[in-house]
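*Asks:* sharing a model that was predicted from the sequence below.
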Amino acid sequence: MAGGSDNKQALEPAAGGTPAHPLEPLARPVIASLQRLNRLIRRVSLLTHRLQGAVEGRYDRRRMWFDHYVDVNWKLPTDGDTMFLERGLFNRMLIGPDADVLEIACGDGYYTAHFYAPRARSMVAVDVDPSALTFARRSNGRPNIRYQLHDIRDGLPGGRFSHVIWDGAMLFFSLEQVDSIIGWIRERVGPNGIFSGYTYADYVEERPYIRHRVRDSDDVARLVGAHFENVGVWWTQHSERTNFYFAASDAALPPAGGPSGLFYAGHAGDQHWSGELRTDQATSLPETSPDDRSARSDPRIP
Ligand SMILES: C[S@@+](CC[C@H](N)C(=O)[O-])C[C@H]1O[C@@H](n2cnc3c(N)ncnc32)[C@H](O)[C@@H]1O
C-alpha cells in the first residue's frame, strides 16, 4: 500500500538521526525495571508522606514550619497542588549572578536548598526555631548554605547581602515589627540589592498566630515598599488565600538583563504584574484584635 511505509515512518521515534548505542537492547529492560522500581518507591513514599502530613496536622499544630517534602511527595501527586512551588520559582528568578542571599524565617530549608542556594554564591538562612534548623541542616544542607539560629525581632545577622528573601512569615509579626525588619533589610541590601518574598491574605478566620492582615496588592506594596524606591506586587488566587509576591529595590526592577526579564515582561496565567509603585505613605493595615493575640499559645510567635 502506498501509505504503509509513510505510516511506519511516522511511528518511528524522532531520534534526529542519533545512532543506536550498541548496548541499547540490554539497557531497555534495565530501564523498564528501574521505572517499575521507582513507581513502587513513589507509591510507598506517597503513603508515608501522607501519614506524616496527617500526624503533623493533627498532633503537632503549634509548629510554625512545614516539611515541604510532604507537598512534593503527597500533595503534588495527589491534588496537583503547585502553590508551594510558586515562591521558590518567583524568588529564584530574581536572584542575580554572584548573589549573597539572606533568607529570614527559612523554616525547613526546602526553598533555601532547592531554589535559592543553587543560584546564589552564598546563603545565610535564619530561623528562630531550633527544630526547623536541625531539620534544614539534615535534609536541606548544601555547601554554600549557613543555617543560623536567629530571632529577627532583635535585628538581622551582620554583613552585606545583595538579596534578602522573606517567605510566608510576615503575618506572624505586628505591623511595627514588619516595618522595623524591612528597614533593617534595606540597610543590609544597600541601594542596589533586592528584597523579595511573599505574604498572603488568609481567608481562614481562626489563625491565632496571625498578627496583621493584608487585603490587596496595594496593602502589600505600601508595607513592603515603605523603605524602597520601587516595589512590585503580583498575586495568585487559591481557595483559602491569595498569595502576594513582591520584589522591592532602590534600583530599577528587575536587574538589567537579569533572568527575570521574561517574568517582568508579563507572566501568563493568573499572575499580574502591578508595575512599579512609589510608596512613601504610612501604611494603615488592619491589625488582629488584642483577643486574637492573647489566644496565642506559642511563645515563639512574635
Ligand atoms: C510558615 S513558616 C515559613 C518557612 C519558610 N520561609 C517557607 O516558606 O516555608 C514561618 C517560619 O517563621 C519562623 N519564625 C517565626 N518567628 C520568627 C522570628 N522571630 N525570627 C526568625 N524566624 C521566625 C518560624 O520558626 C517558621 O519557621
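*Replies:* Yep, it's here. Numbering: from 1, shown residues only.

*Asks:* so whichever residue of the stretch 51-200 of the chain sits closest to the ligand: helix, strand or coil?
*Replies:* Nearest residue of the stretch 51-200 of the chain to the ligand: Gly107, at 2.5 Å (C-beta to the nearest ligand atom). Where C-beta positions appear, they are placed from N, C-alpha and C, glycine not excepted. At Gly107 the chain is in coil, as set by DSSP: H, G, I helix; E, B strand; the rest coil.

*Asks:* enumerate every residue touching the residue lying closest to it once chain neighbours are set aside.
*Replies:* For Gly107, ignoring the flanking residues on the chain, the nearest one in space by C-beta to C-beta, 6 or more residues apart in numbering is Trp65 at 3.6 Å. Shown in contact with Trp65 (C-beta atoms under 8 Å, 6 or more residues apart in numbering): Gly107, Asp108, Asp127, Asp129, Ser131, Ala132, Phe135.

*Asks:* quick one, strands of this protein?
*Replies:* 99-104, 120-127, 145-149, 163-167, 194-202, 230-237, 241-249 (DSSP state E).

*Asks:* where does the prediction get shaky in this structure?
*Replies:* Applying pLDDT under 70 to the chain flags residues 1-16, 205, 254-302.

*Asks:* run through the residues of it sitting next to the ligand.
*Replies:* 64-66, 87, 105-107, 111, 127-129, 132, 151-153, 167-169, 172, 300, 302 (C-beta under 6 Å from any ligand atom).

*Asks:* helices along the stretch 51-200 of the chain, start to end?
*Replies:* Secondary structure of the stretch 51-200 of the chain by DSSP state H, counting those that start in this stretch: the helices cover 69-70, 76-79, 83-94, 110-111, 130-139, 175-189.

*Asks:* out of those, deepest packed?
*Replies:* The highest mean neighbour count among those, using mean count of other C-beta atoms under 10 Å, belongs to helix 110-111: a mean of 24.

*Asks:* now that one, how far from the centre of its chain.
*Replies:* With C-alpha atoms, centre = their mean, to the nearest Å as the basis, helix 110-111 stands 7 Å off its chain's centre.

*Asks:* name the surrounding residues that touch that helix.
*Replies:* Residues contacting helix 110-111 (C-beta under 8 Å, 6+ apart): Asp67, His68, Tyr69, Arg87, Gly88, Asn91, Glu103, Ser139, Asn140, Ile165, Asp167.

*Asks:* wait, the fourth one sits on Thr199?
*Replies:* In this case it means Arg87. No - Arg87 sits out of contact with Thr199 when judged by C-beta atoms under 8 Å, with a separation of 10.3 Å.

*Asks:* mind checking how far His238 is from the ligand?
*Replies:* 15 Å (C-beta to the nearest ligand atom, to the nearest Å).

*Asks:* cool, Leu253 as well?
*Replies:* Taking C-beta to the nearest ligand atom as the measure, Leu253 falls 22 Å from the ligand.
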